[in-house]
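Engineer: no FASTA, just this:
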């Protein structure tokens, strides 16, 4: 019975991903300030389509160019990765590299993967002088390393490595990072789901049972403590919640919220949901694991 429900979630996720991709466009209301370089996440729409199994002639060239332009953006100190409304968040660049790297497998192009790795290296350099990094963002550093075969932890920015040392699996329901006294609940929740999304990707790619247990613990915590009002229309962690029968109802709520949002916010607001839904659909369908399977 539960397998049937899982199939239902996968089908709805795929359906919503296709719908979001069909309407997503860049709707930034203002041009970038003079001298500021931006890389819009709409550049990832072809990669998202590839993750859904729709590979077309010319995709390799498009994705290679997009990854090269991402490198140029991240090499610029003012460079930003922006969503459909022009907003920039730290995780956007990591997520962009993840999607490009994963899409490189089905389009069979080493150039895409090579440019994506260069982008990751440039992003790491931005954190070399940081004294502290949020664990939930450092998880994405680990994901990039695993995807590109980097086993030497000494190559990580020190603050990233320090943060990852605090990643200890828990058998009890617990957040990735406890809510601090000065934390705003909506911001804290957002980063919790961002971290959960990355950790679930790590657990799938590494096939690590301890990581999978950590994912379940964090998902179970948020099922019991996170209200829909605290979440955004961006379905971070969707596949993580859907993977566990005990937390799948949270994924169901996320899908409902996305469907409502798509009918209200329009093309600009569809960009991030389209990309996250495609990533979740690919994960649920096993395409993510296949893309990163060892030869």
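Structural biologist: Yep, that arrived. Quantities reported herein were computed from a predicted structural model and do not represent experimental measurements. Numbering: from 1, shown residues only.
Engineer: look up phi and psi at residue 80.
Structural biologist: Phi and psi for residue 80, reported as degrees, to the nearest 10, are phi -130, psi 150.
Engineer: er, residue 81 I mean
Structural biologist: phi -100, psi 120.
Engineer: run through the bridge partners of it.
Structural biologist: Beta-bridge partners recorded for residue 81 (DSSP bridges): residue 39.
Engineer: show me what contacts it?
Structural biologist: 38-41, 70, 73, 88, 92-93, 96 (C-beta atoms under 8 Å, 6 or more residues apart in numbering). No exception for glycine: its C-beta is placed from N, CA and C like everyone else's.
Engineer: secondary structure element holding residue 123?
Structural biologist: Assigned by DSSP states H and E, residue 123 belongs to helix 110-126.
Engineer: for that helix, buried residues please.
Structural biologist: Judged by neighbour count (16 or more other C-beta atoms under 10 Å), helix 110-126 contains these buried residues: 111-124.
Engineer: repeat that for stretch 155-168.
Structural biologist: So stretch 155-168, judged by 16+ other C-beta under 10 Å, has buried residues 156-157, 159-164, 167.
Engineer: could you do stretch 92-108 as well?
Structural biologist: Applying 16+ other C-beta under 10 Å to stretch 92-108 flags 92-107 as buried.
Engineer: out of these, flag the one nearest to residue 177.
Structural biologist: Nearest to residue 177 among the buried residues of stretch 92-108 is residue 94, at 16.8 Å by C-beta to C-beta.
Engineer: leaving out the residues flanking it, which one is nearest to the closest one?
Structural biologist: residue 140 (3.8 Å; C-beta to C-beta, 6 or more residues apart in numbering).
Engineer: quickly find the element holding the residue nearest in space to the middle of the chain.
Structural biologist: By C-alpha atoms, centre = their mean, the chain has its centre lying nearest to residue 95, at 4.3 Å. Assigned by DSSP H and E, residue 95 belongs to helix 90-107.
Engineer: tell me how far that helix lies from the chain's centre.
Structural biologist: Helix 90-107 sits 8 Å away from the centroid of its parent chain (C-alpha atoms, centre = their mean, to the nearest Å).
Engineer: and it, what does it pack onto?
Structural biologist: On a contact count with 3 or more C-beta pairs under 8 Å, 6 or more residues apart in numbering; DSSP states H and E, helix 90-107 meets helix 45-51, helix 59-75, strand 80-82, helix 110-126, helix 135-147, helix 185-206, helix 271-284, helix 287-291.
Engineer: deepest of these, which one?
Structural biologist: Mean neighbour counts were taken over the helices and strands packed on helix 90-107 using mean count of other C-beta atoms under 10 Å, and the top value, a mean of 28, falls to helix 271-284.
Engineer: how far off centre is it?
Structural biologist: 8 Å.
Engineer: by how many degrees do it and helix 185-206 diverge?
Structural biologist: Angle, helix 271-284 to helix 185-206, by axes from the mean of the first three to the mean of the last three C-alpha atoms, to 10 degrees: 30 degrees.
Engineer: next, format the buried residues of helix 110-126 as CSV and append distance to residue 282 and pLDDT.
Structural biologist: Shown next, in CSV, are the buried residues of helix 110-126 (distance: C-beta to C-beta, whole Å; pLDDT from 0 to 100):
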residue, distance to residue 282, pLDDT
111, 21, 94
112, 16, 95
113, 16, 92
114, 21, 94
115, 20, 95
116, 16, 94
117, 20, 92
118, 23, 94
119, 20, 95
120, 19, 92
121, 24, 91
122, 25, 93
123, 22, 92
124, 25, 90
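Engineer: a markdown table for those, including distance to residue 275?
Structural biologist: Formatted as a markdown table, the buried residues of helix 110-126 follow (distance: C-beta to C-beta, whole Å):
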| residue | distance to residue 275 |
| --- | --- |
| 111 | 21 |
| 112 | 16 |
| 113 | 19 |
| 114 | 22 |
| 115 | 18 |
| 116 | 15 |
| 117 | 20 |
| 118 | 21 |
| 119 | 16 |
| 120 | 17 |
| 121 | 22 |
| 122 | 21 |
| 123 | 17 |
| 124 | 22 |
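Engineer: between these, which sits nearest residue 194?
Structural biologist: Looking across the buried residues of helix 110-126 and measuring by C-beta to C-beta, the closest to residue 194 is residue 123, at 15.2 Å.
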